[in-house]
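Asks: what follows is a predicted structure for the sequence shown.
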Amino acid sequence: MSVKIGISPIAWQNDDLPDLTAAYTMEQALKEAREIGYTGVERGRRMPLDTEGLKAYLNKYDIALCGGWCSGNLMKNSVKEEIEAVRQQVEQFVALKSPCLVYAECSNTVQGDIATPVNNRPKLTRSEVKAYAAKLSELAKWMAGEGMLLAYHHHMGSMIEDQEDVDALMEGSTPEVTLLFDTGHLKFGGADVLDTLRRWGDRVKHVHFKDVREDVTRKIRAENKSFLDGVIAGAFTVPGDIEGSIDFAAVTDELAKMGYEGWIVVEAEQDPAKATPYDYSKLGYDHIVDICRASGLKIDAHG
């Protein structure tokens, strides 16, 4: 039983708030991530777009592709239309041996709009979630046939955000739809982190370790601010930060109990002027190594 430790380059290169990380390059992100010990990185928008170019880019830094974001539009598209929309990314991720594609519905999300409060995110009825889950299942089945796993990302500001949303999506979809278990988005969304893992552990094939500063998230909610306002204010941080609120040791204990074998990916977008990417990424890595060791999870040092 072993896990691999990866990272999203978002601490160095924020795709939603590029001005926030303008002083940092993607090259620096990969170089420093590898120096720290991470063996995988999720795809960033400012990486090469073509498959061979991306492969050479990752090989240069001796780091594997351990996933990556896909902006879904399945609420608007038919399943057939969505298959064609994501086909190129699926083919690229298969070619580069990515463990999954991180899929999130973005046709109606408010997560990228700094002018819209996160509290105003779309909220679906249970029947609407059920209908969406049926379409998502068809997409995931097609993707599985191509050799790629669909890991659904419940995300702040999106229509799948809170505990009810996650439960309804999992209940309404087939096993081909797996759950990206993101600790930070669950916590910010008001869900029970450990209970979600225990309930849907058999559907969890990819994990994001992200911590939350609860005083910040409470303020964002109370003052009706946007998700991006929360990022700028420091809503998120890495595992091991004393300002965080999630018990990651308990999470790794649960992962060990369920026999999880896959990637644990650090994803914690912050203002680099307040949280130096290298220092915080190293803090997260070191903490994960310590708690995995304590939980009996062996770490695979190869990407």
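Replies: Nice, thanks for sending it over. In this text the structure is predicted, and so the values were computed from the model without any measurement. Numbering: from 1, shown residues only.
Asks: what does the model give the residue lying closest to residue 141 once chain neighbours are set aside for pLDDT?
Replies: Leaving aside its sequence neighbours, residue 141 sits nearest to residue 176 (CB to CB, 6 or more residues apart in numbering; 4.9 Å). Just so you know, the C-beta spots here come from the backbone N, C-alpha and C atoms, and that holds for glycine as well. We have a pLDDT of 98 for residue 176.
Asks: my read: residue 176 touches residue 134, true?
Replies: No: in this structure residue 176 lies outside contact range of residue 134 using CB atoms under 8 Å: 11.9 Å.
Asks: the more surrounded of those two?
Replies: Applying other CB atoms under 10 Å to residue 176 and residue 134 shows that residue 176 carries more neighbours, namely 18 against 13.
Asks: what helix or strand does residue 208 sit in?
Replies: In this assignment (DSSP states H and E), residue 208 forms part of strand 204-209.
Asks: which SSE is immediately downstream of that strand?
Replies: Proceeding N to C from strand 204-209, the next assigned helix or strand is strand 211-212, under DSSP H and E.
Asks: who does that following strand touch, helix- and strand-wise?
Replies: helix 183-188, strand 236-237 (3 or more CB pairs under 8 Å, 6 or more residues apart in numbering; DSSP states H and E).
Asks: what mean pLDDT does the shortest one have?
Replies: The average of the pLDDT scores along strand 236-237 is 98.
Asks: which SS class is the nearest residue to residue 203 once chain neighbours are set aside?
Replies: Closest residue in space to residue 203, ignoring its immediate chain neighbours: residue 179 at 4.7 Å, by CB to CB, 6+ apart. State at residue 179, reduced to three classes by DSSP: H, G, I helix; E, B strand; the rest coil: strand.
Asks: quick check: beta-bridge partners of residue 179?
Replies: On the basis of DSSP bridges, residue 179 is bridged to residue 152, residue 204.
Asks: hmm, residue 171 and it touching each other?
Replies: No: Residue 179 lies out of contact with residue 171 (CB under 8 Å); the separation is 11.6 Å.
Asks: between the two, who's got more neighbours?
Replies: For residue 179 versus residue 171, neighbours defined as other CB under 10 Å are more numerous around residue 179 (25 against 12).
Asks: pull the contacting residues for the more buried one.
Replies: 151, 152, 154, 166, 170, 200, 203, 204, 205 (CB atoms under 8 Å, 6 or more residues apart in numbering).
Asks: retrieve the pLDDT associated with it.
Replies: 98.
Asks: over to residue 15?
Replies: 87.
Asks: check contacts around it.
Replies: Contact analysis of residue 15 by CB under 8 Å, 6+ apart lists 44, 45, 46.
Asks: what is the neighbour count of the last one?
Replies: Applying the criterion other CB under 10 Å, we find 14 residues in the vicinity of residue 46.
Asks: ok, the closest residue to it other than its chain neighbours - contacts?
Replies: Among residues not flanking residue 46 along the chain, residue 26 sits closest, at 4.9 Å (CB to CB, 6+ apart). Residue 26 makes contact with 9, 12, 13, 44, 46, 47, according to CB under 8 Å, 6+ apart.
Asks: also residue 242?
Replies: No contacts exist for residue 242 under CB under 8 Å, 6+ apart.
Asks: quick one: it and residue 287, what's the gap?
Replies: Taking CB to CB, to the nearest Å as the measure, residue 242 falls 11 Å from residue 287.
Asks: check residue 184 too.
Replies: Going from residue 184 to residue 287 by CB to CB gives 14 Å.
Asks: show me which of those two is the more surrounded one.
Replies: Applying other CB under 10 Å to residue 184 and residue 287 shows that residue 184 carries more neighbours, namely 27 against 21.
Asks: got the confidence number for that one?
Replies: Note on residue 184: pLDDT of 98.
Asks: wait, isn't residue 216 in contact with residue 237?
Replies: No: using CB under 8 Å, residue 216 makes no contact with residue 237, being 9.3 Å away.
Asks: the more surrounded of these two?
Replies: Taking other CB under 10 Å, residue 216 and residue 237 do not tie; residue 237 has more neighbours (25 against 21).
Asks: how about residue 170, what does it touch?
Replies: 177, 179, 200, 203.
Asks: residue nearest the centroid of this protein?
Replies: Taking CA atoms, centre = their mean, the centroid of the chain lies closest to residue 208, which sits 5.1 Å from it.
Asks: and that one, bridged to which residues?
Replies: Assigned bridge partners for residue 208, using DSSP bridges, are residue 182, residue 265.
Asks: would you mind listing the residues in contact with it?
Replies: 8, 180, 181, 182, 183, 184, 185, 265, 266, 267.
Asks: equivalent analysis for residue 124, please.
Replies: Residues counted as contacts of residue 124 (CB under 8 Å, 6+ apart) are 132, 159, 165.
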